[in-house]
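Asks: give me coordinates for this.
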Amino acid sequence: MRSRIVHGVAVVALAAASVAIGRLNTAPSQPSADVAYPLPAPTVTAVASDADRADRADRASRSTRRPVAALAPGAVGRVTRRTTRREVGLERVPFKTVRRNDATRYAGTTFVASVGRPGLRMTRTDVHSVNGRVVRRMKLPAQLVLRARPHVVLVGTKPRPKPQPKPEPKPVVVTAPVPKPARVATAPPPAPRPVVRTATADGLNWAALAQCESGGDPRVVSAGGSYRGLYQFSMTTWRGVGGSGDPIDASRSEQTYRAQVLYRRAGADEWPHCGSRLFS
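Replies: The predicted structure follows:
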């Protein structure tokens, strides 16, 4: 057959198709849609050759080239848009309340050593979408932004001293001198009256009373909140002796003065457990 072919023409028809796909903007706000790309029509290349060259080209094509699938003209390519966005937020971290025993304060009293403060942590979530529809939400580990500060309360454990019996003040009797009787008979002089003297408020041991009542702390408050200050005034008693505001806001000297006014009115009975310390 090859001897009979003097001049042969081999026509090789190749169908080529190409689809151009570029990078798309994956912003979540853009609507998702299928994008159609028109494909070029197949091109035909004619190659003139003699019989030997056509035969060699045919054998080389069958041994080294892979067949290319032909696409029909007007084919449509579809693009799937996958997007990922990150949601970031802040949330509060509550603080803890810590109560610690304090042996230097009397039992039943509390003191705030440190005011609590909440912390902050940052939350992160990756939202994955396909063609504008959310398909998965992946929560990432939270990051601590501000550490919470605990609320520390000191609780008194020191036992209060036992109340001592109130000593009765001993009266001091002073008698006036008896005048010498006159020679002339006269009526007898009246019997002298005894004069009773008690200790004044200024001469009492107010420091001992304050140590017994509040441990010497002018801002201490009882557990129930009813008694306040250096001498544990109630609000009614404090106002009754001329005090204003809260006793714990008054100075040490102001609280001592109001306690002396109260003593002049009612004596040491206003402090049933510690009043005897005034006479120590």
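Asks: for Trp206, which non-adjacent residue is spatially closest?
Replies: What sits nearest to Trp206 in space, not counting adjacent residues and going by CB to CB, 6 or more residues apart in numbering, is Thr256, at 5.5 Å. Placement of C-beta: from N, CA and C, glycine included.
Asks: so which elements touch the helix or strand the one you found falls within?
Replies: Per DSSP states H and E: Thr256 is located in helix 252-266. Secondary-structure packing of helix 252-266 (3 or more CB pairs under 8 Å, 6 or more residues apart in numbering; DSSP states H and E): helix 206-214, helix 235-240.
Asks: pick the most deeply packed of those.
Replies: Stretch with highest mean neighbour count among those: helix 206-214 (a mean of 21; mean count of other CB atoms under 10 Å).
Asks: just the CA trace of it, in PDB.
Replies: This file holds the C-alpha atoms of helix 206-214, laid out as PDB (Å, rounded to 0.1, in the frame of the first residue of the first chain):
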ATOM      1  CA  TRP A 206     -11.700  55.000 127.000                       C
ATOM      2  CA  ALA A 207      -8.800  53.300 125.100                       C
ATOM      3  CA  ALA A 208      -9.500  50.100 127.000                       C
ATOM      4  CA  LEU A 209     -13.200  50.300 126.100                       C
ATOM      5  CA  ALA A 210     -12.500  50.900 122.400                       C
ATOM      6  CA  GLN A 211     -10.100  47.900 122.400                       C
ATOM      7  CA  CYS A 212     -12.700  45.700 123.900                       C
ATOM      8  CA  GLU A 213     -15.600  46.900 121.600                       C
ATOM      9  CA  SER A 214     -13.900  47.200 118.200                       C
END
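Asks: which helices and strands sit right next to it?
Replies: Taking 3+ CB pairs under 8 Å, 6+ apart as the contact cut, helix 206-214 packs with helix 252-266.
Asks: repeat that with 10 Å
Replies: Under the contact criterion of 3 or more CB pairs under 10 Å, 6 or more residues apart in numbering; DSSP states H and E, helix 206-214 touches strand 97-106, helix 252-266.
Asks: what ranges do the helices span in the stretch 51-200 of the chain?
Replies: Applying DSSP state H, counting those that start in this stretch to the stretch 51-200 of the chain gives helices spanning 51-64.
Asks: contacting residues for Glu270?
Replies: By CB atoms under 10 Å, 6 or more residues apart in numbering, the contact set of Glu270 is Tyr231, Gln232, Phe233, Ser234, Thr237, Val241, Ala259, Leu262, Tyr263.
Asks: quick one on the thing from earlier: okay, now the residue nearest to Trp206: neighbour count?
Replies: Using other CB atoms under 10 Å, the number of residues around Thr256 comes to 18.
Asks: and what of Thr97?
Replies: Neighbour count of Thr97, defined by other CB under 10 Å: 10.
Asks: wait, Val130 touches Val79, no?
Replies: No: in this structure, Val130 is not within contact of Val79 by CB atoms under 10 Å, at 11.6 Å.
Asks: hmm, back to that, now the helices and strands packed on helix 252-266 as TSV including distance to Lys162 and mean pLDDT?
Replies: What follows is the helices and strands packed on helix 252-266, written out as TSV (distance: least, CB to CB, whole Å; pLDDT from 0 to 100):
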stretch	distance to Lys162	mean pLDDT
helix 206-214	10	92
helix 235-240	24	92
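Asks: need those helices in TSV with distance to Met122, can you?
Replies: Conversion of the helices and strands packed on helix 252-266 to TSV gives the following (distance: least, CB to CB, whole Å):
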stretch	distance to Met122
helix 206-214	46
helix 235-240	47
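Asks: Val134: which of those is closest?
Replies: helix 235-240 (61.1 Å; CB to CB).
Asks: which other helices and strands contact that closest one?
Replies: helix 252-266.
Asks: now what about the helix it packs on, what contacts it?
Replies: By CB under 10 Å, 6+ apart, the residues outside helix 252-266 that reach it are 200-202, 204, 206-207, 209-210, 213-214, 216-219, 228-233, 237-244, 247-248, 250-251, 268-271, 275, 278.
Asks: fine by me, we can end here.
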